[in-house]
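Enquirer: Sequence and computational prediction follow.
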Amino acid sequence: MSKTLVIAEKPSVGRDVARVLPGPFAKNEGFLEGPEHIITWAVGHLVQLAEPDEYDPKYKKWKMGDLPIVPDRFRLVVRDERSKKQMSVVSKQLKRDDVDLVINACDAGREGELIFAYLFEKAGAKKPVKRLWLSSMTKSAMEHAFSNLRDAEELRTLEEAARSRSEADWIVGMNATRAATIRLRSSFDGAVSLGRVQTPTLAILARREEEIAAFKPEPYWLVDATFEADGARVYEGRFHAGAQPRIATAEEAEAVVAAVRGQRGTITKLDKTKRTEKAPLLYDLTSLQREANTRYGFSARRTLGAAQRLYEEHKALTYPRTSSRYLTSDMVPEIKPTAELVGHNPDYRAGAAYVTGLDLLPLARVVADDKVGDHHAIIPTRAEHKLDKMGEDDRRVYDLVARRFLAVFHPEAVFENTRVETTVAEQVFRTRGKVLIVPGWRGVYGQLAEGEQGDDDEGREQQLPRLERGEDVDTREVAAAEKETKPPRRYSDASLLGAMETAGKLVDDDEMREAMKDSGIGTPATRASIIERLIDVGYVEREGRSLVCTEKGVNVIRLLGAHPLTSPSLTGDWENRLDKIEHGGDSREKFMADIAKFADSTVRVLDDTLKDVRIPRANLGPCAVCGHDIIENRKGYSCWSRDDPGCGFVIWKSKAGKTLSPAVVRELIRAGYTSKPVTGFRSRAGRAFRARLALEQTDDGKWRVEFDEPWAKEGAKPPDEETAAPPQGEAAAAASQPAEAA
């Protein structure tokens, strides 16, 4: 009897597949077998593109004369020893005589298509293939998908786009990294990692870091007053000279204070306007990651891990690696039943009851067939969701998606904005007030007012008492406060994901962002791994929620200058072309030819521009032991050189996965310790942490840098930057798919 072989991406998915196919299934090493089906799995990327030395042993040595390396036909290799074991199982099943059909059940997207295509090719398989296309892991969704298998030919262009992305990253990353590393050996210790996606992302961070470094703060003053109308109706106002609240000097500010202190004033202007606010669009992966970072401080990878678990393990969310924020028209009948199921939880009951009670759903902003590609927006599944079985991260991400799903069908929120001008001794003070009068969609979040507003130059928005134009008020308090202009903010995961989505352009409007998606840097599935890659290679560090570009990262971008590899718009254009290949609008052959030309020009430009580059080495002043200057070198800071051995004092740059900067070492030499915790360290388990450092002398008279923290002295593990553990096992593999070759 012939059988069908089903190849899933992970063991957990394989086990889920077995529950909807005719059984029973016998468990074997690396596969399950039933009366009609064999189920095996890939465990993520089993197969990858071969390294250059697989094509020719001469490539083991990095030489400029061998570049660019562009294979005529790419070779595939099994990733590692663990992968070899499972690949052997998959290959054996593919070669069975009783298997006459193969079903590709890997994740329904570009990376899932690539995983299957590579292992199928590596195994030398020739059997006919069908595609299982899943957007939800519920039993009913899986049964429906098995009843509607797609022909492999339908997904041919998706496979072409996947292969093109993988090969383009290999060509650009491999050649650019080798060329830059060869030319910058005297400046950097280790490889100078460059890539098609990681380098323009690094450029966004590095240029912001340079803006911050070049920023020169300037003082200014603000004058705030507290006014009281009859009946103890109190409100605050901020002085404005014309449209500008900032005052240039302390003398001018004090003159305003003196003029109005203790004086009576009059409300000379009072305008009320109504403003409506639409519900945000449904989540795609990037907008979900941004929201989770803003609300909870989750990294992009942490959010992806939680969303993937909610999809695979809890069956509570639809496929998370989507770039669409819309639903398809055939999903409309599922909306109310899904809302009803979400409403079984008391937290969402009221919001769900509103949706299910509507005679006509507002679908204009929600349903758009032409704006859904491989997968629709992330929404709850039509299944019972067992929230008590979810971890804290998973519960929070589920809450975001569930509330957003209900909110999008609610009416607009309506605010009343009030603008007040109070004139005292010819000095004008302005006040802003805001009241939520119709909760609309905000009621789903239990928000009867907007979140706390930060105090900006215009003053904070207030809940105002009833005021009337023309009435007199007393000035209860007035004071001037010295302020200072602030540099641009460093990027967080949320703001960097937003910049990547729009190829570096500043865009906040939902609809405008939608129009720019096809030209963003990377894809929703790969952006988290790109950020982590920049951290792993030492270009970026986390400092709280901020992403700080290290000295090495800034120097790499500075040395590359205006090279096209640093351009977010160029990389965005490439992503747009990959999307067109996927949908039949561009040619894989032409795209790869253009990538090969770009790699060739990149090698020649890097060879020419970096040939004689030397990064200035920091001089940290005299050594406290022997008096010789302590000079930075590739691996450390020391008082010895070729001409003068000094006393041998050295502070090595590398400490727990971090490269110590000259500023940190300068403070260690001067004070013997760092006054503030230093960020960017990594524990042996790969977890980020921060710690103060101390310069200590050992019994044999040598100096070394230690962690100057109680936990270090007690021999305990360093504290974690993130409170929740990263994804483990299969979820970790899913959350860290390789995004590009270095």
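Expert: Alright, I've got the coordinates.

Enquirer: Mind jotting down where the strands sit in the stretch 301-450 of the chain?
Expert: 413-424, 427-438 (DSSP state E, counting those that start in this stretch).

Enquirer: Would you mark the buried spots in the first one?
Expert: The one in question is strand 413-424. Buried residues in strand 413-424, defined by neighbour count with 16 or more other CB atoms under 10 Å: 413-415, 418, 420-424. C-beta: built from backbone N, CA, C; applies to glycine.

Enquirer: about what we covered before: quick one: closest of the strands of the stretch 301-450 of the chain to residue 153.
Expert: Ranking these by proximity to residue 153 (CB to CB) places strand 413-424 first, at 47.8 Å.

Enquirer: which helices and strands does the closest one pack with?
Expert: Helices and strands touching strand 413-424, as assessed by 3 or more CB pairs under 8 Å, 6 or more residues apart in numbering; DSSP states H and E, comprise strand 219-229, strand 233-240, strand 264-277, strand 427-438.

Enquirer: repeat that with 6 Å
Expert: Contacts defined by 3 or more CB pairs under 6 Å, 6 or more residues apart in numbering; DSSP states H and E place strand 413-424 against strand 264-277, strand 427-438.

Enquirer: out of those strands, deepest packed?
Expert: Looking across the helices and strands packed on strand 413-424 with neighbours counted as mean count of other CB atoms under 10 Å, the highest average goes to strand 427-438: a mean of 18.

Enquirer: circling back to that earlier point, okay if I get the buried residues of strand 413-424 as a markdown table plus distance to residue 628 and pLDDT?
Expert: Converted to a markdown table, these look like this (distance: CB to CB, whole Å; pLDDT from 0 to 100):
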| residue | distance to residue 628 | pLDDT |
| --- | --- | --- |
| 413 | 68 | 95 |
| 414 | 72 | 95 |
| 415 | 67 | 94 |
| 418 | 68 | 95 |
| 420 | 67 | 97 |
| 421 | 67 | 97 |
| 422 | 66 | 97 |
| 423 | 68 | 97 |
| 424 | 66 | 97 |
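
Enquirer: can you list those residues in a markdown table and add distance to residue 667?
Expert: As requested, the buried residues of strand 413-424 are exported to a markdown table (distance: CB to CB, whole Å):
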| residue | distance to residue 667 |
| --- | --- |
| 413 | 50 |
| 414 | 54 |
| 415 | 49 |
| 418 | 50 |
| 420 | 49 |
| 421 | 50 |
| 422 | 49 |
| 423 | 52 |
| 424 | 49 |
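
Enquirer: May I ask which two of the residues you listed are separated the most?
Expert: The span of the buried residues of strand 413-424, defined through CB to CB, is set by 413 and 424 at 34.6 Å.

Enquirer: pLDDT score for the residue positioned nearest the centre of the chain?
Expert: Geometric centre of the chain, nearest residue: residue 300, 3.9 Å, by CA atoms, centre = their mean. Predicted confidence (pLDDT) for residue 300: 96.

Enquirer: how far away is it from residue 43?
Expert: Distance, residue 300 to residue 43, using CB to CB, to the nearest Å: 23 Å.

Enquirer: and what of residue 245?
Expert: Taking CB to CB as the measure, residue 245 falls 59 Å from residue 43.

Enquirer: Residue 385 is nearest to which of the helices and strands packed on strand 413-424?
Expert: Among the helices and strands packed on strand 413-424, strand 264-277 comes nearest to residue 385, with 28.3 Å by CB to CB.

Enquirer: quick check: mean pLDDT across the closest one?
Expert: Mean pLDDT, strand 264-277: 96.

Enquirer: and the top helix by length along the chain, what's its mean pLDDT?
Expert: Secondary structure assigned by DSSP state H gives helix 156-183 as the longest helix of the chain. Throughout helix 156-183, pLDDT has a mean value of 96.

Enquirer: Downstream of it, the next helix or strand is which one?
Expert: helix 198-214 (DSSP states H and E).

Enquirer: Which segments of the protein make up each domain?
Expert: Structural domains assigned to the chain are 3-148, 164-215+489-609, 219-278+413-484, 285-407, 619-713, following automatic domain parsing.

Enquirer: With distance to residue 156 added, can I get those in TSV?
Expert: Shown next, in TSV, are these (distance: least, CB to CB, whole Å):
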stretch	distance to residue 156
domain 3-148	10
domain 164-215+489-609	9
domain 219-278+413-484	39
domain 285-407	14
domain 619-713	38
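
Enquirer: Among those, which comes closest to residue 155?
Expert: Comparing the domains of the chain under CB to CB, the one sitting nearest is domain 3-148, at 5.4 Å.

Enquirer: How far does the closest one sit from its chain's centre?
Expert: 28 Å (CA atoms, centre = their mean, to the nearest Å).

Enquirer: How about stretch 279-299?
Expert: Here stretch 279-299 shows a centroid-to-chain-centroid distance of 10 Å under the convention CA atoms, centre = their mean.

Enquirer: residues contacting residue 649?
Expert: 623, 625, 639 (CB atoms under 6 Å, 6 or more residues apart in numbering).

Enquirer: Output these in JSON lines; the columns should cover neighbour count.
Expert: Output for these, formatted as JSON lines (neighbours: other CB atoms under 10 Å):
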{"residue": "623", "neighbour count": "22"}
{"residue": "625", "neighbour count": "15"}
{"residue": "639", "neighbour count": "22"}
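
Enquirer: Looking at those, which gets the smallest pLDDT?
Expert: Lowest model confidence among the contacts of residue 649 falls on residue 625, which carries 78.

Enquirer: Quick check: the gap between residue 650 and residue 380.
Expert: Counting by CB to CB, the gap from residue 650 to residue 380 is 58 Å.

Enquirer: More neighbours: the two, which one.
Expert: residue 380 (22 against 19; other CB atoms under 10 Å).

Enquirer: I figured the more buried one hits residue 402, correct?
Expert: Yes. The pair formed by residue 380 and residue 402 meets the contact definition of CB atoms under 6 Å, at 5.4 Å.

Enquirer: between those two, what contacts are shared?
Expert: Here residue 380 and residue 402 have residue 342 as joint contacts, going by CB under 6 Å, 6+ apart.

Enquirer: Tell me, how many residues neighbour residue 228?
Expert: 15.

Enquirer: Please apply the same query to residue 361.
Expert: Other residues near residue 361 come to 16 when the count uses other CB under 10 Å.

Enquirer: can you check residue 53 too?
Expert: Neighbour number of residue 53 under other CB under 10 Å is 11.

Enquirer: Could you list the buried residues of stretch 231-241?
Expert: Residues 235-240 are the ones in stretch 231-241 that count as buried (16+ other CB under 10 Å).

Enquirer: farthest-separated two in those residues?
Expert: The largest separation in the buried residues of stretch 231-241, counting by CB to CB, is between 235 and 240 at 15.4 Å.

Enquirer: What number of residues are in the vicinity of residue 365?
Expert: Counted with other CB under 10 Å, the neighbours of residue 365 add up to 17.

Enquirer: What spatial separation is found between it and residue 49?
Expert: Applying CB to CB to residue 365 and residue 49 gives a distance of 42 Å.

Enquirer: returning to what we had before: between the domains of the chain, which has the poorest mean confidence score?
Expert: Confidence, taken as mean pLDDT, is least for domain 619-713 of those (a mean of 83).

Enquirer: Any idea how far apart the tips of it sit?
Expert: One end of domain 619-713 sits 31 Å from the other (CA to CA, to the nearest Å).
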